[in-house]
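[1] Give the three-dimensional model of this entry:
(4 chains)
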There are 2 protein chains.
Amino acid sequence: MKKEKAKDRIIRTASDLFYRQGFNSTGINQIIAEADIAIGSLYNHFSSKNDLLRAYLIKEETEWFKGFEEQIGNIDPPKDKIVALINYRKKLQDDSTFAGCHFIKIISELGDSNPLVSDVVKNHKEKQKIMIREILTQYDVEKKSLDIDSVAEHIFLLIEGAVVTSTIDKNADAFAHIKKIIQGLLP
Amino acid sequence: MKKEKAKDRIIRTASDLFYRQGFNSTGINQIIAEADIAIGSLYNHFSSKNDLLRAYLIKEETEWFKGFEEQIGNIDPPKDKIVALINYRKKLQDDSTFAGCHFIKIISELGDSNPLVSDVVKNHKEKQKIMIREILTQYDVEKKSLDIDSVAEHIFLLIEGAVVTSTIDKNADAFAHIKKIIQGLLP
DNA sequence: GTCTATATGGTGATAGAC
DNA sequence: GTCTATCACCATATAGAC
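    Numbering: from 1, shown residues only, chains lettered A, B, ... in the order given. Okay, the predicted model is just below:
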């Protein structure tokens, strides 16, 4: 096993802390301490704390879709793909003990004060909506008679609601609920 | 018009800043500057910044239900009450230019590191769910054949999803969408 | 009750040796 | 590329005069 490079260790440590503690509650000193790196080295790789935030967002965005591809595996039936999406969002919550969606968290903390954050989050959610619409388009080839845009939005909003609610409740009940509802939407 | 007391001015100013900028991004110095109060006076009324957070949460919780009562006015038909709830959440978003739900924001920023926050937010959302169930119980007296708990959860999750999504998108499209869906759920 | 002055420690960021 | 030492500033909180 190759030794992890300093830069990668910084990103990994910072990402973990930003997610668990929040961006503003995480200091540069804590990052360098936990990454076991000198502060001079950090500023050699990243120009500012905001640059580190940028790296965090890009990392999470990339890993989100990579993780979803793994979850979906070689599932083919469109309806099962939708279920896999719900299971994936649930799994992310379970694995983080319901710490919440990275993107909702960061925009909730920083608002639109940081244009970088607004853009990445908006783009990330838009991609998910498009993905749902594409899956429903495959589904509709067989079944027809589906208002794709409308059902896609319905599914998307239920998932977002379940993620937020499970973060507050610290349990996955909402996911069980939306899975039943959404299966009812896809006859 | 009576002059606003120092304590009330502090709470109002702090609440506004916590909401707009976030809790951690708001310093005591900024609060005393904008409230036009001395720091000694602030610590005379509040024992710590966390105590100020406590006052903020209580204020928002109280005002949320007061505002909803005003919105609902003397509307009687249960279905219209549900629509009034959606309109109320939409109005809160419109009025704040989509700054988001106070409670989702604060729990997203502070997570469960602060037990006070977790408790207040969880309680606030639970109250809303109960309220929806009560309205649906009234509705069911006439129409019957409704799975109240299930429909209540469906409505609640759609509203939460719409609030989060409208915060990201900076527009109210999601509310128009869920209004149609929810009216379809109540025949 | 409100004020000013101050204590103490943490923040992001830079300079320059090796 | 990595390090140590240090900067200027801001944070929360306290002491004590009026």
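[2] Can you point out the helix or strand that includes the closest residue to A:His124 other than its chain neighbours?
    Of all residues not flanking A:His124 in the chain, A:Phe103 sits nearest, at 5.2 Å (Cβ to Cβ, 6 or more residues apart in numbering or on different chains). For the C-beta atoms, the positions are set from N, CA and C on the backbone; glycine is no exception. According to DSSP states H and E, A:Phe103 maps onto helix A:102-110.
[3] List the buried residues of the helix or strand harbouring A:Gly67.
    A:Gly67 belongs to helix A:49-72 when assigned by DSSP H and E. Using 16 or more other Cβ atoms under 10 Å in any protein chain shown as the test for burial, helix A:49-72 gives A:49, A:52-57, A:59-61, A:64, A:68, A:71-72.
[4] Show me what it is packed against.
    helix A:6-21, helix A:78-95, helix A:102-110, helix A:115-143 (3 or more Cβ pairs under 8 Å, 6 or more residues apart in numbering or on different chains; DSSP states H and E).
[5] Tabulate the ones you listed in JSON lines, adding columns for mean pLDDT.
    Below are those laid out as JSON lines (pLDDT from 0 to 100):
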{"stretch": "helix A:6-21", "mean pLDDT": "94"}
{"stretch": "helix A:78-95", "mean pLDDT": "98"}
{"stretch": "helix A:102-110", "mean pLDDT": "98"}
{"stretch": "helix A:115-143", "mean pLDDT": "93"}
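[6] most tightly surrounded among those?
    Most buried of the helices and strands packed on helix A:49-72, by mean neighbour count (mean count of other Cβ atoms under 10 Å in any protein chain shown): helix A:102-110, with a mean of 24.
[7] elements contacting that helix?
    helix A:6-21, helix A:49-72, helix A:115-143, helix A:148-169, helix B:102-110, helix B:148-169.
[8] for DNA strand C, what are the nearby residues on chain A?
    Residues of chain A lying close to DNA strand C (Cβ under 7 Å from any atom of the strand) are A:26-30, A:39-40, A:43, A:47-50.
[9] Apply 10 Å and report the result again.
    A:21, A:23-33, A:38-44, A:46-53 (Cβ under 10 Å from any atom of the strand).
[10] Please indicate which of those residues are buried?
    A:21, A:23-26, A:31-32, A:42, A:46, A:49, A:52-53.
[11] now the residue of chain A found nearest DNA strand C: how far from A:Thr13?
    Nearest to DNA strand C in chain A, going by Cβ to the nearest atom of the strand, is A:Gly27, at a distance of 2.8 Å. Noted for A:Gly27: a distance of 12 Å to A:Thr13, by Cβ to Cβ, to the nearest Å.
[12] residue contacts, A:Ala38?
    Contact analysis of A:Ala38 by Cβ atoms under 8 Å, 6 or more residues apart in numbering or on different chains lists A:Ile32.
[13] Would you map out the domains in chain A?
    Following the assignment in automatic domain parsing, chain A carries domains at A:1-46, A:57-185.
[14] does the longest one come close to DNA strand D?
    What that stands for is domain A:57-185. No - on the criterion Cβ under 10 Å from any atom of the strand, domain A:57-185 is out of touch with DNA strand D, staying 14.3 Å away.
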